[in-house]
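Student: Show me how the following folds:
(chains A and B)
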Amino acid sequence: MTSEEIYVQIQPIIKAYLPEDVSAEDINPDSDLTRELNINSAHLVDIILDIEDAFNIEFKNDDMEKLRNVNDAILLIQQKISA
Amino acid sequence: MKKNEIISLLPYSEPFLFVDEILSISEETISGNHTFNKNAFFYKGHFKNKPVTPGVILTECMAQIGLVCLGIYLLGKENSTTNQTFALNSSEIDFYLPVFPDEKVTVVSEKVYFRFQKLKCKVKMLNANGEIVAKGILSGMILKQDNLK
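Tutor: Purely as a prediction, here's the structure:
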């Protein structure tokens, strides 16, 4: 799966948890999920759980620490689906 | 972890402790109770001359038993609770009956999931007659003290 294909799938997942003062247009591959997109830690967990369901993969606690921006998420998903 | 050990690890004290006793606990579910002291500070103003336990206080009681006590138990299995703090992040509770001063309530909570430090539970509160007073979904995060977001 290419990064673009993954990006298209995760964008709506992230969008669902954006606070009202952040628009979906602000999402880009380098967006820091908590600092720039203002997603709180609880919603970050919701995003991870939705990604797990969408791609049929499982994240570990260590993965969570590596996850800061949208690109990190894409890389982690690629590793998991090819494993 | 023992039931009374969990209560001693709670980060609350009077006048904001709403857990008296843990009745049962496992990885999946917890039940506990609390009797609302008729002299509690909030009855003076809620409502004027007509004391009724505020919904936010019922929610707090449900969260202290259903999320925090269960969270301490689940963490106790992994590591210590030092430098951890608890943050309620979502509550969706429906209320069915009023709770008056001196009423004893029982809270029953079932874990939906506990992942990446987030605990989500289905929680209900029953009165002394076993009637449902409130029920809904609560979730909270267990955070490191240096990251309160």
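Student: In chain A, what residue spans correspond to helices?
Tutor: A:3-15, A:41-55, A:61-66, A:70-82 (DSSP state H).
Student: from the ones you listed, which stretch is densest packed?
Tutor: Ranked by mean neighbour count, the helices of chain A are led by helix A:41-55 with a mean of 18 (mean count of other Cβ atoms under 10 Å in any protein chain shown). Using the backbone N, CA and C atoms, a C-beta is placed for each residue, glycine as well.
Student: Not counting its own residues, what contacts it?
Tutor: Identification of contacts with helix A:41-55 by Cβ atoms under 8 Å, 6 or more residues apart in numbering or on different chains yields A:6, A:9-10, A:13-14, A:16-17, A:33-34, A:39, A:57-59, A:64, A:67, A:73, A:77, A:80-81, B:87, B:89-90, B:113, B:115-118, B:139-141, B:143, B:147, B:149.
Student: avg pLDDT for it?
Tutor: What helix A:41-55 shows for mean pLDDT is 95.
Student: So what angle separates the directions of that helix and helix A:3-15?
Tutor: Between helix A:41-55 and helix A:3-15, the angle comes out at 140 degrees (axes from the mean of the first three to the mean of the last three Cα atoms, to 10 degrees).
Student: for the nearest residue to A:Ala42 once chain neighbours are set aside, phi and psi?
Tutor: Closest residue to A:Ala42 apart from its sequence neighbours, by Cβ to Cβ, 6 or more residues apart in numbering or on different chains: B:Asn89 at 3.8 Å. For B:Asn89, the backbone dihedrals (degrees, to the nearest 10) come out as phi -120, psi -10.
Student: swap in B:Glu27?
Tutor: Torsion angles at B:Glu27 (phi, psi; degrees, to the nearest 10) stand at phi -60, psi -20.
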